[in-house]
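Peer 1: output the structure for:
(2 chains)
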Protein chains: 2
Amino acid sequence: MSPIIAKSSRVRSTPFTSRIEKYGVQAYTVYNHMLLPASIKGVEEDYYHLKENVQLWDVSAERQVQIQGPDASQLTQLITCRDLSQAKDHVCYYAPIVDDQGRILNDPLVMKVKPDTWWISIADTDVLLYAKGIAIGKGFDVKITEPNINPLAVQGPKSFELMRRVFGADILNLKFFHFKNFQFDNHNFIIARSGWSKQGGFEIYVDDDQKGQDLYDALMKNGTDLNVRPGCPNLIERIESGLLSYGNDMDINDNPLECGLDAFVSFNPEINYLGKSVLEKQHAQGVKKSLIGLIINLPQISVTKHLPISLNDEQIGELRSACYSPHFQKCIGIAMIQKTKQKLHQPFTVNLDGQTVEVEMTKFPFIK
Amino acid sequence: MSPIIAKSSRVRSTPFTSRIEKYGVQAYTVYNHMLLPASIKGVEEDYYHLKENVQLWDVSAERQVQIQGPDASQLTQLITCRDLSQAKDHVCYYAPIVDDQGRILNDPLVMKVKPDTWWISIADTDVLLYAKGIAIGKGFDVKITEPNINPLAVQGPKSFELMRRVFGADILNLKFFHFKNFQFDNHNFIIARSGWSKQGGFEIYVDDDQKGQDLYDALMKNGTDLNVRPGCPNLIERIESGLLSYGNDMDINDNPLECGLDAFVSFNPEINYLGKSVLEKQHAQGVKKSLIGLIINLPQISVTKHLPISLNDEQIGELRSACYSPHFQKCIGIAMIQKTKQKLHQPFTVNLDGQTVEVEMTKFPFIK
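Peer 2: Purely as a prediction, here's the structure:
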């Protein structure tokens, strides 16, 4: 018997928990002190369904850290290595959060929702406490809160048709990583064309529990013929698509350059953020390790901790996430490997956590 | 079917996970991004066993935030409302972490392990990120890390005999909330007489995975006749004993005075910490709400979110944790109630999350 998840107030339920439990949910993880479904009918069955249909994802656990006030822009820029100086309204920015050594603390989407108000849509660490610490230490004039926003993602190829039915045709004009207000039942919802899959879709920022539940029910009702059902971020799909997971593929011991996030690291002399000089130096010298894709010649795999990879008795890196990929009919994974030990597209034999296996290193993403 | 917990590297396993899974574990929660057992054989069976015997608790999830360097003492004092100026070596201090509004962010044990090195043994929030933010903002000369320390608690009335057998008779001289180095298999372990139960016991700060596993096995082997087995923090025992749980009974919307932690709030004019002026004002004026015990006339109860409590259609507070208590043969709980609405030891009828029930307010702890 697999251990069940123990519920308590500390591991928060969401406005959608009762609905997905009524439908049936097989497994949860905990993310930002909140329940996040990890499997509805099984990871592989969910994967096939997601790639063909449309799913509603209760991603309430993607909490928003709201930074508001005269110094909000200064603080938000200081803690992220991406240049936000030209940030436009209605656009989402993938912006790693860094410390004074340039190490990565989180990899959120950042949105300027008002001229003096930012939302940081976080991965699983308490960015609120970090931002609060910096703000207190620097004496910034900001208010940092976690508003009651519970994102609901609509993902999959049929998400466009479903969202059109519920929000109207204008939703189809929303560009990738843009967001705008849309109405349902006389309520405004901020909706972004985004989501943690590459199957297309939207994220709805639900700021009213009851309206959100009504919307959930309407999406389920309007999507019957589209085969809509609850879903959740899918391990297989996200690895095939090369979507990194903070806490799995990267953590506080890595920096954004080592994670291949160079495009989101600004070296603009006008921009001031923590750890910039360290990242500049690393950028000039080149990183010593980096994340790469790994094709693993095993029939199946389950990774619940970073698995050491050795070559000729020397540890060259570690496997951080992996799954069996139905698309490639092989196991694939994400590994942090010493730069000097990387050789792409050549099968070779390593020792993976004590097991001798043939692997092949490759670039991200596995599927473009 | 109750949902299972999905495993991944992000929800970290511990050096003891394989052992407790081999023995059998019924439920997990996630605490500081790590697995924390919540039930081994069932919460009530675990409760009876704990009160009579001895249990090994894998509380690796009680992570240590290590603050080291010339400014370590200044930073540690700044973020906690307890006076640490007279902190002695070898003593644990329960010391709430606060923000600049005096709100509570965590309720750890704090230990000075060297003159320039503090360990903050945290509840479930990223105190490391908060401390890091403050340190960066203030320009403090400190190094803040999470060392690979995995606490193992030995709890229950027979814990003294078991620990004597393994560490020698000197362990019995350790006073409550004191810690000292003890040897096992030529390895030094910091051991405190502490733990999150009132049944007596110790917490062993394991800094070497292999040595810790050997110790675990030795404790199991030496305790056969003491009926030793794996256990975990127990919902019933901790509520009966009035042990508060951060994230359940208190959170960032409360301050330590509202949580009855007055004894750990310093008003010493020599001491400087964040939010002190706010707490001084609250202390002078009196708090508007506070935590109290609630005896609830229901045959059983399960609390997975804060449940509103209303009296004559007016909300007077909320129930934050509760359980059926075998000791009282009634349901008991911990509630945050408006000060003006508190009346002790008088049964009266309230509306609890839509249900009409008779309750009685009482002081902590239920069992002294």
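
Peer 1: the helices in chain A, which residues?
Peer 2: Along chain A, counting by DSSP state H, helices occupy A:17-23, A:43-52, A:72-78, A:127-138, A:159-167, A:209-222, A:235-240, A:276-285.

Peer 1: got the ones you listed as a markdown table, with distance to chain B, mean pLDDT and mean neighbour count columns?
Peer 2: Every C-beta, even on glycine, is put in place using the N, C-alpha and C of the backbone. Formatted as a markdown table, the helices of chain A follow (distance: least, C-beta to the nearest C-beta, whole Å; pLDDT from 0 to 100; neighbours: other C-beta atoms under 10 Å in any protein chain shown):
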| stretch | distance to chain B | mean pLDDT | mean neighbour count |
| --- | --- | --- | --- |
| helix A:17-23 | 8 | 97 | 16 |
| helix A:43-52 | 9 | 98 | 18 |
| helix A:72-78 | 9 | 98 | 21 |
| helix A:127-138 | 2 | 98 | 25 |
| helix A:159-167 | 24 | 98 | 20 |
| helix A:209-222 | 12 | 98 | 16 |
| helix A:235-240 | 8 | 97 | 24 |
| helix A:276-285 | 13 | 98 | 14 |
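
Peer 1: select, out of those helices, the one closest to B:A284.
Peer 2: helix A:127-138 (23.4 Å; C-beta to C-beta).

Peer 1: the closest one - contacts with which helices or strands?
Peer 2: Here helix A:127-138 touches strand A:64-68, helix A:72-78, strand A:104-106, strand A:143-145, helix B:127-138, going by 3 or more C-beta pairs under 8 Å, 6 or more residues apart in numbering or on different chains; DSSP states H and E.

Peer 1: what pairs with the third one, parallel or antiparallel?
Peer 2: Which is strand A:104-106. strand A:97-98 (antiparallel) (DSSP bridges).

Peer 1: residues of the stretch 151-300 of chain A that sit close to chain B?
Peer 2: A:L235, A:S245, A:Y246, A:G247, A:N248, A:L274 (C-beta under 8 Å from any C-beta of the partner chain).

Peer 1: show me the contacts for the fifth one.
Peer 2: Counting by C-beta atoms under 8 Å, 6 or more residues apart in numbering or on different chains, A:N248 touches A:R320, A:S321, A:I334, B:S8, B:S9, B:R10.

Peer 1: wait, A:V65 touches A:P147, no?
Peer 2: No. A:V65 is beyond contact range of A:P147, at 9.1 Å (criterion: C-beta atoms under 8 Å).

Peer 1: counting neighbours, go ahead and name the busier of these two.
Peer 2: A:V65 (26 against 13; other C-beta atoms under 10 Å in any protein chain shown).

Peer 1: ok, what's across the strand from that one?
Peer 2: A:I120.

Peer 1: what are the boundaries of the strands in the stretch 251-368 of chain A?
Peer 2: A:289-296, A:307-311, A:314-325, A:330-338, A:348-352, A:355-362 (DSSP state E, counting those that start in this stretch).

Peer 1: out of those, which is the most enclosed?
Peer 2: strand A:330-338 (a mean of 22; mean count of other C-beta atoms under 10 Å in any protein chain shown).

Peer 1: run a quick neighbour tally on A:M1.
Peer 2: 7.

Peer 1: tell me the pLDDT at it?
Peer 2: A:M1 is assigned 74 on the pLDDT scale.

Peer 1: and what of A:K368?
Peer 2: So, for A:K368, pLDDT stands at 75.

Peer 1: and it, how far from B:K276?
Peer 2: 56 Å (C-beta to C-beta, to the nearest Å).

Peer 1: go on, A:I292?
Peer 2: Taken as C-beta to C-beta, the span from A:I292 to B:K276 is 50 Å.

Peer 1: and for A:L172?
Peer 2: From A:L172 to B:K276 the distance is 55 Å (C-beta to C-beta).

Peer 1: same question for A:V65.
Peer 2: 25 Å.

Peer 1: equivalent analysis for A:L129, please.
Peer 2: 19 Å.

Peer 1: give the contact list for the residue nearest to A:F179 when sequence neighbours are not counted.
Peer 2: Spatial nearest neighbour of A:F179, excluding adjacent residues (C-beta to C-beta, 6 or more residues apart in numbering or on different chains): A:A192 at 3.7 Å. Neighbour list for A:A192: A:C92, A:L109, A:M111, A:L174, A:F177, A:H178, A:F179, A:F202, A:E203, A:Y205 [criterion: C-beta under 8 Å, 6+ apart].

Peer 1: in terms of pLDDT, where does A:A192 sit?
Peer 2: In this prediction, A:A192 has a pLDDT value of 98.

Peer 1: quickly list what it is bridged to.
Peer 2: A:F179, A:E203.

Peer 1: and the gap between it and A:F177?
Peer 2: 7 Å.

Peer 1: quick one: the closest residue to A:K211 other than its chain neighbours from B:V166, how far?
Peer 2: Counting by C-beta to C-beta, 6+ apart, A:K211 lies nearest to A:H187, which is 4.5 Å off, once chain neighbours are set aside. For A:H187, the distance to B:V166 equals 62 Å [C-beta to C-beta].

Peer 1: A:T349 reaches A:Q355, doesn't it?
Peer 2: No. If you go by C-beta under 8 Å, A:T349 and A:Q355 don't touch, sitting 10.8 Å apart.

Peer 1: could the helices of chain A go into TSV alongside distance to B:E270?
Peer 2: Below are those laid out as TSV (distance: least, C-beta to C-beta, whole Å):
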stretch	distance to B:E270
helix A:17-23	48
helix A:43-52	57
helix A:72-78	32
helix A:127-138	21
helix A:159-167	60
helix A:209-222	47
helix A:235-240	53
helix A:276-285	38
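
Peer 1: shaky segments in the stretch 251-368 of chain A?
Peer 2: Low-confidence segments of the stretch 251-368 of chain A (pLDDT under 70): none present.

Peer 1: count of neighbours near the closest residue to A:Q282 other than its chain neighbours?
Peer 2: Setting aside the residues directly before and after it, A:Q282 is nearest to A:L257 in space (C-beta to C-beta, 6+ apart), at 5.3 Å. Each residue near A:L257 was counted by other C-beta under 10 Å, and the total is 22.

Peer 1: list residues touching both of A:A192 and A:F177?
Peer 2: Joint contacts of A:A192 and A:F177 (C-beta under 8 Å, 6+ apart) are A:C92.

Peer 1: skipping its backbone neighbours, what lies nearest A:G333 in space?
Peer 2: A:A322 (3.0 Å).
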